[in-house]
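Trainee: Quick one: sequence and predicted model below, then my questions.
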Amino acid sequence: MQISQAESRILKKVIRAWIESEYSDLEKLNCLKQNIDDCAWKFAKRLNFEIGRAVSLDFIFTTITETILILYPEYDAKERNRQRLSSHNGGNLVQCQS
């Protein structure tokens, strides 16, 4: 079934939010990347159930891939910074006081 541009934008935001909540660090994002076919299929079934209509598996796969490409550098930078802080503090992370 064809979706409108407005629906496409909304679904892309929903998929990104799902990825950011379920795959919140570099290790989990790599897991998603390695299992993208299975995850796309599961998410397609979930969307079909929740919105009551089928969404193209190709659309979902492409959106997940695009989101990974956007988030990967951000997650990688956070992980490198965490490792850098950890190594500078003898392996102990320092909590900032607010």
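Mentor: Now that the structure is in, tell me what you want to look at. Numbers count the residues shown, from 1 in each chain.
Trainee: residue boundaries of the helices in the protein?
Mentor: Assigned by DSSP state H, the helices in the chain fall at 5-22, 26-34, 36-51, 57-88.
Trainee: Take these and write them to TSV, including mean neighbour count and mean pLDDT.
Mentor: Any C-beta I mention is one placed from the backbone N, CA and C, and that applies to glycine too. What follows is the helices of the chain, written out as TSV (neighbours: other C-beta atoms under 10 Å; pLDDT from 0 to 100):
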stretch	mean neighbour count	mean pLDDT
helix 5-22	14	92
helix 26-34	15	91
helix 36-51	14	88
helix 57-88	14	88
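Trainee: Let me see the backbone angles for Ile3.
Mentor: phi -110, psi 150 (degrees, to the nearest 10).
Trainee: Count the neighbours of it for me.
Mentor: 16 (other C-beta atoms under 10 Å).
Trainee: how far away is it from Val55?
Mentor: Computed as C-beta to C-beta, to the nearest Å, the Ile3 to Val55 distance reads 7 Å.
Trainee: Name the residues contacting each of those two.
Mentor: Counting by C-beta atoms under 8 Å, 6 or more residues apart in numbering, the contacts common to Ile3 and Val55 are Leu11.
Trainee: I'd like the distance between the spatially closest residue to Leu32 that is not a sequence neighbour and Cys39.
Mentor: Closest residue to Leu32 apart from its sequence neighbours, by C-beta to C-beta, 6 or more residues apart in numbering: Tyr23 at 4.7 Å. Counting by C-beta to C-beta, the gap from Tyr23 to Cys39 is 9 Å.
Trainee: what sits in contact with each of the two?
Mentor: Counting by C-beta under 8 Å, 6+ apart, the contacts common to Tyr23 and Cys39 are Leu32.
Trainee: Find the nearest non-adjacent residue to the residue nearest the centre of the chain, please.
Mentor: Central residue of the chain (C-alpha atoms, centre = their mean): Ile19, 2.8 Å from the mean position. In this structure, Ile19 finds its nearest non-sequential neighbour in Thr67, 5.2 Å apart by C-beta to C-beta, 6+ apart.
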